[in-house]
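J.: 3D, please:
(chains A and B, ligands or ions: 2)
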Amino acid sequence: MADIVIDRVVKEFGSFQALQEVSLTVNDGEFVALLGPSGCGKTTLLRIIAGLETQTSGRVVIGGQDVSDLAPRKRGLAMVFQNYAVFPHMTVFENVAFGLRMQKAPQAEVKRKVERAAALLHIESYLDRYPAKLSGGQRQRVAVARALAVEPAVLLMDEPLSNLDALLRLEMRTELKAVLREAGTTTIYVTHDQTEAMGLADRIAVMYGGKIEQIGAPLEIYATPATRFVGGFIGSPPMNFIKVRCSHGTARIGDAALPCPTAAENLELGLRGEDASLGPSGSGIPFDVRVVEPMGSHLLLTGAIDGQLARIVAPPTAIVNAGERVGLTVDPARVTWIDGTTGRALARA
Amino acid sequence: MPARTSWIPYALIAPSVVFLGALFLVPLVQTIWLSFSAGEGFSLENYQRMAGDLNFALAIKNTFMLTLVVVPLQVVLALGMATMVTKLDKGRDLVLWVLTIPLGISDLAAGLAWLALLQNTGYLNSALYALGLIQGPTGWLSQETPVALFFAIVLAELWRATAIVLVILIAGLQLIPKEFAEAAEIFGAKPWTRFTRITLPLLKPSLQSALILRTVLAFEVFAVVYALGGRNFPVLAGEAYVWQNDNQNYGVAAAYAVLIMAISLAATALYLRVLRTRPEQLP
Ligand SMILES: Nc1ncnc2c1ncn2[C@@H]1O[C@H](COP(=O)(O)OP(=O)(O)O)[C@@H](O)[C@H]1O
Ligand SMILES: [Mg+2]
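T.: Ligands and ions are numbered 1, 2, ... in the order given. So this is what the prediction gives:
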């Protein structure tokens, strides 16, 4: 059993608080993505779990054991570093073999496991080269292979695919997911790429400004963001936020009327671009189209609702022209209501 | 880039080439020439006189023994000190500054300082006498106590010149990103393994520089030895000095100088070979 409990972990660098009471539980064998913009504290949290950084307060428990005071090598985990940290003076083979060598594994086993990890990451043909001769993406794969080779119970990965080109990244993503699921590895995966997090993770923890904003399954986070930040960060295009007035439990925008929660002073309607369907002008929410971008799989419409910027996704065959006003129909069950003052989502009306 | 800019690098290094040529190459050639000339024309007479001298074998033996003891000790000490200094958070600059003070002291002054400590009526004997460990002034630096004299010189050299190795190694350690040691630690390497498998190999270029510099300087050791032991402990550079000044025989002095240079060059070549870092293994 290698579940991870992060219990009210705080990290201060001098007077700067990088992590503010972060709590997170990762179940045995679960794949959790830490998703957030650059500088939100993802790497810091990962390094605290690994033991490379000491938390200012709080506990880290792995497999039921409080590891807060344990050296990194005694925590039974493997890690992929954001800047690879592939040893320059060792061949790719020796890099991948490093953890096994430290465990004093017999040569035959080292060879077998290194070759297996190398095959998985498509680096078999560089095994006897030195890292200096490899591209960033190749080094990154060496770093991932080094971590997989020890078959860890807990795997920490810090943006492990960020330097691969789009196609390879997609392929690696799929394979990584399959391998880790099969091995039952408890994984924490740091990324700032939401599609990666959505595709890989059992659950996503969205971080912002040293806090976890929301933890949940990918679709849950997508459909019901807990804060304005989460809605805006997840999804492409990001969620639209339209300031509306709620009177007597009804918000009116043009001809449309939506039931709304009355609790908030400043109310915002959170609307996903793909949750609105197009109709003729005069029906539903009026949307002034300014730019039409054909994306192949869909049309991306940029324009304004009630004078506020909005992006709407339309079917690729829709006939819309810039400068036109169209009407949007919205399912009240699929919108999010945000308290504009606190930025938190409100319970549905 | 267009070819017409290609003379600029040469123009930029020209002053230093001229400088080196005038102040280094010319005297060097002159010394070599001097060492091979006696009477008229080319001759090995100076070398024969050097090799036939009573002190020659002793000077070779002493110089090599001193180098073989002092340089490895200095590297080990400096590695230990550098590792500790780079681990300090606060007061690091102050510690480094104190440790490097001996670098600012000339080697003769350093030798005289150690003489004041170790001579018959020196501070060491006063302290030992006060503790009742010796009965009166005791000589440590005479011909009768060659072992004590040797260790006194080793001690003085360690004190005087370990800091230069330290400075080079600290600079080298700072060039190694900390992620390498961290990754090694995550994958199960204990501190000593991290040091031998990660830090030392990555420090090799700096170790090479430090070893070359220190070894060459160790083969030239003179002032400290002279201050502490006079000719009780003959070394190569000391013999060159004696032939030059006491015997007024510039040819034999030049032969000693050329010999020291040859030994230094051989040592440098050895280090360059044994401690070379293949370009693909650089970070
Ligand atoms: N050693 C450190 N000293 C001071 N500030 C740090 C240190 N490490 C990280 N920080 C700060 O903590 C914040 C979070 O950093 P990091 O965890 O690397 O973010 P992320 O990985 O999400 O991009 C950043 O503002 C960063 O500047
Ligand atoms: Mg980071």
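
J.: OK, contacts around residue A:3?
T.: A:25, A:26, A:27, A:28, A:30, A:62, A:63, A:64, A:186 (CB atoms under 8 Å, 6 or more residues apart in numbering or on different chains). C-beta: built from backbone N, CA, C; applies to glycine.

J.: Quick check: the nearest residue to the fifth one once chain neighbours are set aside vs residue A:95, distance?
T.: The shortest distance from residue A:30 to any residue that is not its chain neighbour, by CB to CB, 6 or more residues apart in numbering or on different chains, is 5.1 Å, and that residue is residue A:202. Going from residue A:202 to residue A:95 by CB to CB, to the nearest Å gives 29 Å.

J.: Give me the below-cutoff pLDDT ranges for chain A.
T.: A:1, A:348-349 (pLDDT under 70).

J.: Run through the residues of it sitting next to ligand 1.
T.: Within chain A, the positions near ligand 1 by CB under 6 Å from any ligand atom are A:13, A:16, A:18, A:36, A:38, A:39, A:40, A:41, A:42, A:43, A:44.

J.: And the contacts of residue A:3, which two are furthest apart?
T.: Spanning the widest gap among the contacts of residue A:3 are A:30 and A:64, at 15.5 Å by CB to CB.

J.: Would you agree residue B:50 is in contact with residue B:56?
T.: Yes: in this structure, residue B:50 is within contact of residue B:56 by CB atoms under 8 Å, at 5.9 Å.

J.: returning to what we had before: which PyMOL command selects the buried ones in the contacts of residue A:3?
T.: Restricted to buried positions by 16 or more other CB atoms under 10 Å in any protein chain shown, the PyMOL selection for those reads:
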select buried, chain A and resi 26+30+62+63+186
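
J.: Of the contacts of residue A:3, which belong to helices?
T.: Residues of those located in helices (DSSP state H): none.

J.: and of the contacts of residue A:3, the nearest to residue B:27?
T.: residue A:62 (67.8 Å).

J.: Which residue is the nearest non-sequential neighbour of that closest one?
T.: Nearest non-adjacent residue to residue A:62, counting by CB to CB, 6+ apart: residue A:4, 5.4 Å away.

J.: tally of neighbours for the one you found?
T.: By other CB atoms under 10 Å in any protein chain shown, 23 other residues sit near residue A:4.

J.: For burial, what's the neighbour tally of the closest residue to residue A:38 other than its chain neighbours?
T.: Closest residue to residue A:38 apart from its sequence neighbours, by CB to CB, 6+ apart: residue A:192 at 6.0 Å. Residues within reach of residue A:192, counting by other CB under 10 Å, total 18.

J.: Which neighbours in the sheet does the helix or strand containing residue A:59 have, and how are they oriented?
T.: Element membership for residue A:59 (DSSP states H and E) is strand A:57-62. Next to strand A:57-62 in the sheet, as set by DSSP bridges, lie strand A:4-13 (antiparallel), strand A:65-66 (antiparallel).

J.: what does it contact?
T.: A:2-10, A:21-22, A:48-49, A:66-68, A:75-77, A:154.

J.: mind redoing it with 7 Å?
T.: Under the criterion CB atoms under 7 Å, 6 or more residues apart in numbering or on different chains, residues A:2, A:4-10, A:48-49, A:66-68, A:75, A:154 lie in contact with strand A:57-62.

J.: Out of those residues, the closest to chain B would be?
T.: Distance to chain B, by CB to the nearest CB, is smallest for residue A:75 among the contacts of strand A:57-62, at 8.4 Å.

J.: Just among the residues of chain A next to ligand 1, which is most surrounded?
T.: residue A:36 (28 neighbours).

J.: So that one sits against residue A:205, correct?
T.: No: taking contacts as CB atoms under 7 Å, residue A:36 lies outside contact range of residue A:205: 8.4 Å.

J.: Let me know which of the strands paired with strand A:57-62 is tucked in deepest.
T.: Most buried of those by mean neighbour count (mean count of other CB atoms under 10 Å in any protein chain shown) is strand A:4-13; its value is a mean of 18.

J.: now that one, how far from the chain's geometric center?
T.: 19 Å (CA atoms, centre = their mean, to the nearest Å).

J.: Let me have that strand in PDB, keeping just the CA atoms, if that works.
T.: Taking Å, rounded to 0.1, in the frame of the first residue of the first chain, the C-alpha atoms of strand A:4-13 are listed here in PDB:
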ATOM      1  CA  ILE A   4       0.100   9.500   0.000                       C
ATOM      2  CA  VAL A   5      -1.400  11.900   2.500                       C
ATOM      3  CA  ILE A   6      -0.400  15.500   2.400                       C
ATOM      4  CA  ASP A   7      -1.600  17.100   5.600                       C
ATOM      5  CA  ARG A   8      -1.800  20.900   5.900                       C
ATOM      6  CA  VAL A   9       1.600  21.400   4.400                       C
ATOM      7  CA  VAL A  10       2.900  25.000   4.500                       C
ATOM      8  CA  LYS A  11       6.100  26.100   2.800                       C
ATOM      9  CA  GLU A  12       7.700  29.500   3.300                       C
ATOM     10  CA  PHE A  13      10.800  30.800   1.500                       C
END
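
J.: Appreciated, that's everything.
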